[in-house]
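**Q** Dropping a prediction and its sequence here:
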Amino acid sequence: MKRCLWSVGRLSVLWVCLVALSPSRGLAESRRASDHLVIHEWGTFTCLQNETGQALTGINSDDEPVPAFVHRIADLVPRPTELAPVFFKGVPRSHRQVRMRLETPVVYFYPPAGSTTPLRASLEVSFAGGWLTEYYPAAEVHAPGLDAGNFRFNGLTPTTQGRLKWADLTIGGQGKLPPTDAPVWLSPREVEAATVTTPQGESEKYLFYRGVGNILSPVTVRRNATDDGLQIQEAVPPQLGLRAPLAVRALWLVQVCQDGTVAYRSFPAAT
C-alpha cells in the first residue's frame with residue numbers, strides 16, 4: 001500500500017519571519033536628504049505539528065547545510081575530548097527545546113544611486129524566543145544562557161532574546177568572497193547588492209544568519225476528528241508583538257508519498 005504524508009507547507013513564512021526578527025538599524029555615513037540606503041531582509045522559518053496541531057520539538061535538523069566557513073555558536077563550546085559532538089543548526093542534535101527553525105535570513109544593502117564611495121554601517125538583529133546560532137561574516141554574539149562560557153544549551157525559552165551585531169561594516173568596494181560550490185550559498189549571491197566587508201576582512205554579498213527558537217508557530221493546523229478537513233487557526237505568540245491580525249498571503253496543501261511523488265493544491269489568501 002502506498003503511504004503518503006499530508007502537510008500544510010510554510011504558511012505565510014516570509015511575512016512572519018520578517019516580523020519575528022526585529023530587523024535592525026542601519027547607520028550610513030554622509031547621507032544627503034535625497035539619497036537613500038536600502039536595506040532588504042528576507043527569510044523563512046519551519047515549524048512541525050502533529051494532526052492535532054500540537055508542536056513537535058527537537059526539529060533542529062540541517063536540511064540544507066551551509067559551507068564550513070560559516071560561524072557557529074557551537075564552535076565556541078569547549079569540547080572535553082577530541083571527538084566532535086553532533087550539532088544541527090548550531091546546537092546539539094534534536095534539542096528538546098527547539099520548536100522553530102529560523103531558516104536562511106539574509107540582509108542586502110543597496111547604496112544610493114550613483115554612489116561611488118563605500119559607506120559605513122552597523123547593524124544588529126534579534127530573535128524573540130530564540131538563538132541566532134549560525135552567521136557570516138563574523139559578528140558579536142549575544143545568546144542568553146550561552147554567554148561567558150556557560151555553554152549548557154538548556155536555557156532556550158520563549159523569553160530568550162538572541163542577538164547578533166555587525167559593527168563598522170564597509171558597504172561597497174571590492175571584497176574577496178569566500179570560495180564555495182554550495183548552491184544554497186551561491187543562489188543568494190545572484191543580486192545587485194553591494195559587497196559587505198567586516199573590519200576583520202570577511203566579505204560577502206549579504207549578511208547571513210539563522211537559528212533555533214522555543215516559540216510556537218503563529219498558525220495552528222489540525223485535522224478534524226470526523227473527516228479529512230483541516231482547521232487553520234491564528235495562534236500568534238505574544239512575544240512577537242504583532243498589532244494586527246495575521247494575514248496569510250498564500251497557502252498550499254502538500255501530499256508527499258514514499259515513492260517521491262508529490263501532489264499539491266493552492267488556496268487563496270486568508271485572514
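**A** Perfect, I can see it now.
**Q** can you list the domain ranges for this structure.
**A** Following the assignment in automatic domain parsing, the chain carries domains at 14-213, 219-267.
**Q** Ranked by average pLDDT, which of those domains falls at the bottom?
**A** Here these differ in mean pLDDT, and the lowest is domain 14-213 at a mean of 78.
**Q** to the chain's geometric centre, what's the distance from that domain?
**A** Once both centres are worked out by C-alpha atoms, centre = their mean, to the nearest Å, domain 14-213 turns out to sit 7 Å from its chain's centre.
**Q** Look up how far residue 105 lies from residue 202.
**A** When distance is defined by C-beta to C-beta, to the nearest Å, residue 202 is 18 Å away from residue 105. Placement of C-beta: from N, CA and C, glycine included.
**Q** which of the two has more neighbours?
**A** Set side by side, residue 202 and residue 105 give different neighbour counts by other C-beta atoms under 10 Å, the larger being at residue 105 (26 against 19).
**Q** in a helix, that's where that one is, yeah?
**A** No: with DSSP: H, G, I helix; E, B strand; the rest coil as the criterion, residue 105 is strand rather than part of a helix.
**Q** I'd say it and residue 42 touch.
**A** Yes: at 7.0 Å, residue 105 counts as touching residue 42 under the criterion of C-beta atoms under 8 Å.
**Q** State the number of residues packed around the residue lying closest to residue 160 once chain neighbours are set aside.
**A** Leaving aside its chain neighbours, residue 160 sits nearest to residue 144 (5.4 Å; criterion: C-beta to C-beta, 6 or more residues apart in numbering). Using other C-beta under 10 Å as the criterion, residue 144 is surrounded by 15 other residues.
**Q** one step back: go through the domains of the chain and pick out the most buried.
**A** domain 14-213 (a mean of 17; mean count of other C-beta atoms under 10 Å).
**Q** Which strand or helix spans residue 184?
**A** Remark: residue 184 resides in helix 183-186, with elements defined by DSSP states H and E.
**Q** could you dump that helix to PDB, C-alpha only?
**A** What follows is helix 183-186 as a C-alpha-only set of coordinates in PDB (Å, rounded to 0.1, in the frame of the first residue of the first chain):
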ATOM      1  CA  PRO A 183      24.100  26.100  -4.300                       C
ATOM      2  CA  VAL A 184      22.400  27.100  -1.000                       C
ATOM      3  CA  TRP A 185      25.100  29.800  -0.600                       C
ATOM      4  CA  LEU A 186      25.600  30.800  -4.200                       C
END
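**Q** moving C-terminal of that helix, what's the next helix or strand?
**A** The helix or strand immediately downstream of helix 183-186 is strand 196-197, counting by DSSP H and E.
**Q** Output the contacting helices and strands for that following strand.
**A** Using 3 or more C-beta pairs under 8 Å, 6 or more residues apart in numbering; DSSP states H and E as the contact criterion, the elements in contact with strand 196-197 are strand 161-171, strand 203-204.
**Q** which one of those lies closest to residue 67?
**A** strand 203-204 (10.9 Å; C-beta to C-beta).
**Q** Parallel or antiparallel, list what pairs with that closest one.
**A** Partner strands and pairing direction for strand 203-204 (DSSP bridges) are strand 196-197 (antiparallel).
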